[in-house]
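[1] give me coordinates for this.
(2 chains)
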Amino acid sequence: MSIWEQLTGYLSFSFVRYALIAGVLIALCSSLLGVTLVLKRFSVIGDGLSHVAFGALAIATVLRLSNNMLLVMPVTVVCAVILLCANQNAKIKGDAAIAMLSVSALAIGYLIQNLFSSSANISGDVCSTLFGSTLILTLSKSDVWLCVGMSVVVMAIFLLFYHKIFAVTFDETFAAATGIRAGMYNLLIAVVTAVIIVLAMNLVGSLLTSALIVFPALSAMRLFRSFRGVIFCAAVISVVCAVVGLLISILASTPVGATIVIADLVAFLGCCGTGAVLRRK
Amino acid sequence: MAQLIGKDVTLGYEGNVVIEHLNFSVQTGDYLYIVGENGSGKSTLMKAILGLKSPMAGTITTGDGLQPDEIGYLPQQTAVQRDFPASVLEIVRSGCLNHSGFRPFYTKQEKQLALDNMERLGITHLAKRCYRELSGGQQQRVLLARALGATQKMLVLDEPVTGLDPKAQLELYELIAQLNRKDGITILMVSHDMEAAVKYASHVLHISKTPLFFGTKEDYLRSKIGQTYTGGTEA
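    Residues are numbered from 1 along each chain as shown, chains lettered A, B, ... in the order given. Take a look at the predicted model:
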């Protein structure tokens, strides 16, 4: 059986199609916002928030909530707002606050799963939440619809406020001085970041989420020199890597999350090389 | 009526007073130098003028048709901007956002305004270039063009020549002076370059915890504080 026949065979399964749809949308959203987060020096926040989401997910599982998102989403959004908006006048500064929050969330999540979980395979459960090995392939129809809905909202916000997001990212003080409500846009960015991270956790697991945010932006910045160019390029790279990673992982039965991240890494190295060659000319 | 009036202004952080009892007024077309030692509260005052910080006491009000969000601003460069992937055109256009409300795109007039401002500052040929690859002087012109998108009335400049070579410094000073004289834009310059202050200013505000001097440049140069600070330079 050729690879092509194998692929079309897999694509006839609904769970594979769901995974592809969700993967493309999540990759697209995370790359759009990733550019802003990387440029605002907030890359680590993605990492911290994904750990918070892991902790919240553990609690939600133990509480046996019918829909985990009801707890995970609000908790992550609140933490995002605290981290991104209280940054300037907080007593504990930026990166230290993120480190503290993320390890605490990780510890609490693991502890709670260990103490209260009814499942026989705790380390398996934890591993799948951390690395997303199975989550993306077990999406139900309603999960996919949720993902589609959230992605549409994120993209609409991004398109609608594109110029303001650019202004606030490039120079927050100038934006605020000329009457753009920079605080409000920071809040918006924080909320959208949290939503994307919770969604991305389904795709690659909480430990690898920040790769989806950071890699496409960094790769695109090697090649393009305008904000719009970087955004477009990051979106394309991110989607291509997600699709390639997913297909490889299905064909070769490798872990989904890790494969997608490796695909992003390869793309980044490729962009570095191309960028260096272009610059020398 | 004055464009900007500060009445008995007290500024500070978390209960620590940086400046008190500051009174000043800026008329349309003035070129005001705000001078003082490091830590004297120059940048705090500037933030208050820009509306980024509210005074602990007293008021800063705008008048003569100037809206609070019509004060253009040339900030000091931040680390974020040094490797920011953005074209000159994107940056200059972003200055026009202050009247756009929730409109997600630029109007024709705004795009034209951006082009006009680039023409005015002689950076039209750089439009497609990447901001981070420009020289320091060119970058300041780009930021100046952006500030002109936000205002035709008043510009606040924060140590704009820092890090520029002498030739670029002189060019930038001349450009700003031209905007002041030819286009009647009011200039508020935060600086400790006294030589330039003597050359270009119409008024001087000298602060150090308390306002030490406010008045025209000529009076400043005759005053005791002005004599000490400028080393007795004649205008």
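[2] now do the SS call for the residue in chain A positioned nearest to chain B.
    Residue nearest to chain B within chain A (Cβ to the nearest Cβ): residue A:179, separated by 2.8 Å. Where C-beta positions appear, they are placed from N, C-alpha and C, glycine not excepted. Secondary structure state of residue A:179, per DSSP: H, G, I helix; E, B strand; the rest coil, is coil.
[3] show me what contacts it?
    Each residue near residue A:179 by Cβ atoms under 8 Å, 6 or more residues apart in numbering or on different chains is listed here: B:68, B:69, B:98.
[4] from residue B:68, how far out is it?
    Distance, residue A:179 to residue B:68, using Cβ to Cβ, to the nearest Å: 7 Å.
[5] contact residues of chain B facing chain A?
    Counting by Cβ under 8 Å from any Cβ of the partner chain, the residues of chain B lying close to chain A are B:50-52, B:68-73, B:75, B:78, B:80-81, B:84-87, B:90-91, B:93-95, B:97-98, B:100, B:102, B:104-106, B:128, B:130, B:132-133, B:146-147, B:150-151, B:156.
[6] dump the residue contacts of residue 216.
    Using chain A here. A:27, A:30, A:31, A:34, A:35, A:234, A:235, A:237, A:238, A:241, A:264, A:267.
[7] you answered for a different chain; I wanted chain B.
    B:202, B:203, B:204.
[8] tell me what the helix or strand hosting residue A:84 is packed against?
    Using DSSP states H and E, residue A:84 falls within helix A:69-85. Judged by 3 or more Cβ pairs under 8 Å, 6 or more residues apart in numbering or on different chains; DSSP states H and E, helix A:69-85 is in contact with helix A:43-62, helix A:94-116, helix A:182-204.
[9] can you redo the ones you listed as JSON lines with mean neighbour count?
    Below are these laid out as JSON lines (neighbours: other Cβ atoms under 10 Å in any protein chain shown):
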{"stretch": "helix A:43-62", "mean neighbour count": "24"}
{"stretch": "helix A:94-116", "mean neighbour count": "16"}
{"stretch": "helix A:182-204", "mean neighbour count": "23"}
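[10] want to throw the ones you listed into a markdown table with distance to chain B and mean pLDDT?
    Shown next, in a markdown table, are the helices and strands packed on helix A:69-85 (distance: least, Cβ to the nearest Cβ, whole Å; pLDDT from 0 to 100):
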| stretch | distance to chain B | mean pLDDT |
| --- | --- | --- |
| helix A:43-62 | 13 | 85 |
| helix A:94-116 | 13 | 83 |
| helix A:182-204 | 9 | 85 |
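[11] what does the helix holding residue A:84 contact?
    By Cβ under 8 Å, 6+ apart, helix A:69-85 touches A:42, A:45, A:48-49, A:52-53, A:55-57, A:59-60, A:63, A:65, A:97-98, A:101, A:105, A:146, A:183, A:186-187, A:189-191, A:193-195, A:197-198.
[12] same check on stretch B:131-142?
    Under the contact criterion Cβ under 8 Å, 6+ apart, stretch B:131-142 has outside partners A:225, B:74, B:77, B:81-88, B:91-92, B:121-123, B:126, B:160-161, B:163-165, B:168, B:171-172, B:175.
[13] hey, what's residue B:157 bridged with?
    Here residue B:157 sits in beta bridges with residue B:74, residue B:189, as judged by DSSP bridges.
[14] residues touching it, list them.
    Residue B:157 neighbours (Cβ under 8 Å, 6+ apart): B:73, B:74, B:176, B:187, B:188, B:189, B:190, B:191.
[15] let me see the contact set for residue 161.
    Looking at chain A here, since you left the chain open. Contacts of residue A:161 (Cβ under 8 Å, 6+ apart): A:185, A:188, B:104.
[16] other chain: chain B
    Here residue B:161 is in contact with B:140, B:168, B:169, B:172, B:173, B:191, B:193, B:196 (Cβ under 8 Å, 6+ apart).
[17] quick one: which two of these are the most distant?
    B:168 and B:191 (15.4 Å; Cβ to Cβ).
[18] sec struct for residue B:204, please.
    strand.
[19] which residues does it contact?
    Neighbouring residues of residue B:204 by Cβ under 8 Å, 6+ apart: B:32, B:33, B:35, B:197, B:213, B:214, B:215, B:216, B:217, B:220, B:226.
[20] ok, what's across the strand from the residue nearest to the third one when sequence neighbours are not counted?
    Residue nearest to residue B:35 in three dimensions, not counting chain neighbours: residue B:206, with 5.2 Å by Cβ to Cβ, 6 or more residues apart in numbering or on different chains. With DSSP bridges as the criterion, the beta-bridge partners of residue B:206 are residue B:35, residue B:213.
[21] measure residue B:206 to residue A:166 for me?
    Here the criterion is Cβ to Cβ. By it, residue B:206 lies 38 Å from residue A:166.
[22] please apply the same query to residue B:170.
    32 Å.
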